[in-house]
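S.K.: quick one, what's the 3D model for this:
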Amino acid sequence: MSEMREKLASRLGFILLSAGCAIGLGNVWRFPYITGQNGGGWFVLVYLVFLALIGLPVLVMEFAMGRASQRSIAKIHAALTPGKKAWRVHGVAGAVGSVILMMFYTTVTGWMAIYLCKTAAGSFAGLGPDEIGAAFGGMVGDPWIQAWAMLGVVLTAVTVCGIGLQNGLERVTKWMMLCLLVLIVVLAGHSVLLDGAGKGLSFYLVPDFARMKAVGVGKVMVEAMNHAFFTLSIGIGAMAIFGSYVGRDHTLLKEGLNVAALDTFVAIVAGLVIIPACFAYGVEPGQGPGLIFVTLPNVFNHMAGGRVWGTLFFLFMCAAALTTVLAVFECILASMRDFTGWSRGRACLVLAVAIPVLSLPCILGFNVWSAFRPFGPGSCVLDLEDFVVSNVLLPLGGLAFALYCCHRYGWGWEKFRAEANTGAGPRIPGGVVRVYCAYVLPALVFALFAIGIFDKFRGSR
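M.R.: Residues are numbered from 1 along each chain as shown. Next up is the predicted model:
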């Protein structure tokens, strides 16, 4: 691109924007129910260990490549190692991964917006569990209401990102993140004070090896490692773009620690919102994806002031989902501009048409195309799209980042380390850390990929 690279106005903007990308439905939807499925306290502890061992190093690598290249994932390898063209496949795969993510994430964000409106309007008041389940089935069975909600999400992203990096994306994300943090603390404070919430707190925060053993130690370890990797939205270059927008005043380990800490804070507090409330009302917290759309609306119906608390909860869910949509939209936008040289406005207009069209298969997969079951009975288009991103592109992308940054046939350890250690703050040492990042980390990430593929096709037979 011929124009000067855009920059964020402040370091706080970088941290909140990067955290906003990481903080999404994986934190506030998936983390509580997989914690419930995996025995509570021990899972949380193991997850935190793997977050430091797997998630943080790859996050720093993405930041370093972005800051050094001043490019999006689409052109990052061409800028850093112009003579090593094979690596550019990773850049293209990352850009494609962001697009596929938006093909279903915008629809699910639309669901959150629909539930926010329905809860605020009192549509679930007085309904029993079966009726609330039927209401969710009716929503996904209606392609029009989903399409309108998805279109609203896309147009919001187009408008915010079209205004500009500083005045649009950075300013809006700052306010959304601050509101999100206030909302989640208020919701958690209310949840932990409910009668009967103490059992939920004990389940969630106190490690009990007997529960871990009952679930299966190996299963808990794999699930914790899996979530620790995926929670930071690493692997498809979404974080690299924000690295290209930040200055060189602070080391990238310091920035990575800040982003990971904020992401983890929201995940842990989201568990404090949901798990004590489930125990207080005799609900199983490990029920899976239906926990948000079927079980919790029923919990709010039995709670004093439930309509207000339910509305605040879905407002929080919308904020969490939308921060990710905005961040990934910016990643796609930057890749398009690096490829084509287009202005921000022109690229936004193209995406305003392309993303809604590409999102239609996900919507139609629940109704018109419901006969298409890619992984057998009960599966749909969304499951296929999620599988491609979560089980293929993210882990293979993370593996590529680790190999590229740590070996001489890529960018190389010394160049990566020099970039990451530029600025004030904690630095990445050499020696044992290099051996870990070059050999152990790729092995762990490849194991995640292999286990994810094996589990998916074993379960779909």
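S.K.: buried ones in stretch 175-190?
M.R.: For stretch 175-190, the buried set under the neighbour-count rule, 16 or more other CB atoms under 10 Å, comprises 176, 177, 180, 181, 183, 184, 187, 188, 190. All C-beta spots, glycine's among them, are computed from the backbone N, C-alpha and C.
S.K.: what about the residue nearest to residue 62 when sequence neighbours are not counted, which helix or strand?
M.R.: Leaving aside its sequence neighbours, residue 62 sits nearest to residue 239 (CB to CB, 6 or more residues apart in numbering; 4.0 Å). With secondary structure defined by DSSP states H and E, residue 239 is part of helix 238-245.
S.K.: follow-up on the earlier one: which single one of the buried residues of stretch 175-190 is nearest to residue 70?
M.R.: Taking CB to CB as the measure, residue 70 sits nearest to residue 177 out of the buried residues of stretch 175-190, at 24.8 Å.
S.K.: distance check, that closest one against residue 381.
M.R.: When CB to CB, to the nearest Å is the yardstick, residue 177 and residue 381 sit 31 Å from each other.
S.K.: off-centre distance for the top helix by length along the chain?
M.R.: Secondary structure of the chain per DSSP state H: the longest helix is helix 306-340. Average the C-alpha atoms of helix 306-340, do the same for its chain, and the two points are 10 Å apart (CA atoms, centre = their mean, to the nearest Å).
S.K.: just the strands in the stretch 1-150 of the chain please.
M.R.: According to DSSP state E, counting those that start in this stretch, the stretch 1-150 of the chain carries no segments that qualify as strands.
S.K.: now the helices for it?
M.R.: For the stretch 1-150 of the chain, the helices defined by DSSP state H, counting those that start in this stretch occupy 11-22, 25, 31-37, 41-50, 56-69, 76-80, 88-120, 129-140, 143-163.
S.K.: re earlier: the longest helix of the chain: what's the following helix or strand?
M.R.: Using DSSP H and E, the next helix or strand after helix 306-340 towards the C-terminus is helix 344-364.
S.K.: which secondary structure elements does that next one contact?
M.R.: In this structure, helix 344-364 makes packing contacts with helix 88-120, helix 143-163, helix 306-340, helix 381-387, judged by 3 or more CB pairs under 8 Å, 6 or more residues apart in numbering; DSSP states H and E.
S.K.: ok and that helix relative to helix 88-120, angle-wise?
M.R.: Regarding helix 344-364 and helix 88-120, their directions subtend 70 degrees when assessed with axes from the mean of the first three to the mean of the last three CA atoms, to 10 degrees.
S.K.: before we move on, back to that, now the helices of the stretch 1-150 of the chain in JSON lines, with distance to residue 231, mean pLDDT and mean neighbour count?
M.R.: Supplementary listing: those in JSON lines, determined by distance: least, CB to CB, whole Å; pLDDT from 0 to 100; neighbours: other CB atoms under 10 Å:
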{"stretch": "helix 11-22", "distance to residue 231": "7", "mean pLDDT": "90", "mean neighbour count": "24"}
{"stretch": "helix 25", "distance to residue 231": "11", "mean pLDDT": "83", "mean neighbour count": "19"}
{"stretch": "helix 31-37", "distance to residue 231": "7", "mean pLDDT": "88", "mean neighbour count": "23"}
{"stretch": "helix 41-50", "distance to residue 231": "8", "mean pLDDT": "92", "mean neighbour count": "20"}
{"stretch": "helix 56-69", "distance to residue 231": "10", "mean pLDDT": "97", "mean neighbour count": "26"}
{"stretch": "helix 76-80", "distance to residue 231": "22", "mean pLDDT": "96", "mean neighbour count": "22"}
{"stretch": "helix 88-120", "distance to residue 231": "14", "mean pLDDT": "95", "mean neighbour count": "22"}
{"stretch": "helix 129-140", "distance to residue 231": "25", "mean pLDDT": "90", "mean neighbour count": "15"}
{"stretch": "helix 143-163", "distance to residue 231": "22", "mean pLDDT": "96", "mean neighbour count": "19"}
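S.K.: quick revisit: and the helix holding residue 239, average pLDDT?
M.R.: Helix 238-245 shows a mean pLDDT of 92.
S.K.: for the protein, name the helix or strand with the lowest mean pLDDT.
M.R.: With mean pLDDT, DSSP states H and E as the measure, the helix or strand of the chain carrying the lowest mean pLDDT is helix 290 (a mean of 75).
S.K.: that one - contacts with which helices or strands?
M.R.: On a contact count with 3+ CB pairs under 8 Å, 6+ apart, helix 290 meets no helix or strand.
S.K.: ok, then the element right after that helix?
M.R.: helix 296-301.
S.K.: returning to what we had before: in TSV, list the helices and strands packed on helix 344-364 along with distance to residue 213.
M.R.: Written out in TSV, the entries for the helices and strands packed on helix 344-364 read as follows (distance: least, CB to CB, whole Å):
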stretch	distance to residue 213
helix 88-120	34
helix 143-163	42
helix 306-340	33
helix 381-387	30
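S.K.: residue contacts, residue 226?
M.R.: Residue 226 makes contacts with 448, 451, 452, as judged by CB atoms under 8 Å, 6 or more residues apart in numbering.
S.K.: now do residue 284
M.R.: Under the criterion of CB under 8 Å, 6+ apart, the contact list for residue 284 reads 36, 278.
S.K.: that one: what secondary structure?
M.R.: With DSSP: H, G, I helix; E, B strand; the rest coil as the basis, the three-state label of residue 284 is coil.
S.K.: look up phi and psi at it.
M.R.: phi -70, psi 120 (degrees, to the nearest 10).
S.K.: tell me how far it lies from residue 25.
M.R.: Between residue 284 and residue 25 the distance is 20 Å, computed by CB to CB.
S.K.: ok, residue 427 next?
M.R.: Between residue 427 and residue 25 the distance, using CB to CB, works out to 34 Å.
S.K.: go on, residue 335?
M.R.: According to CB to CB, residue 335 stands 23 Å off from residue 25.
S.K.: what of residue 130?
M.R.: For residue 130, the distance to residue 25 equals 25 Å [CB to CB].
S.K.: next: residue 151.
M.R.: Distance of residue 151 to residue 25, given as CB to CB: 19 Å.
S.K.: residue 62 now?
M.R.: Residue 62 sits 20 Å away from residue 25, taking CB to CB as the criterion.
S.K.: got a list of what the closest residue to residue 33 other than its chain neighbours touches?
M.R.: Using CB to CB, 6+ apart and skipping residues adjacent in sequence, the residue nearest residue 33 is residue 291, 4.8 Å away. Residues touching residue 291, when contacts are defined by CB under 8 Å, 6+ apart, comprise 29, 32, 33, 36, 274, 278, 285.
S.K.: surely the third one touches residue 283?
M.R.: Okay, so that is residue 33. No - counting by CB atoms under 8 Å, no contact exists between residue 33 and residue 283, whose distance comes to 11.1 Å.
S.K.: shared neighbours of those two, anything?
M.R.: When CB under 8 Å, 6+ apart defines a contact, no residue borders residue 33 and residue 283 alike.
S.K.: can you read off the pLDDT for the closest residue to residue 20 other than its chain neighbours?
M.R.: Spatial nearest neighbour of residue 20, excluding adjacent residues (CB to CB, 6+ apart): residue 323 at 3.3 Å. Per-residue confidence for residue 323 comes out at a pLDDT of 93.
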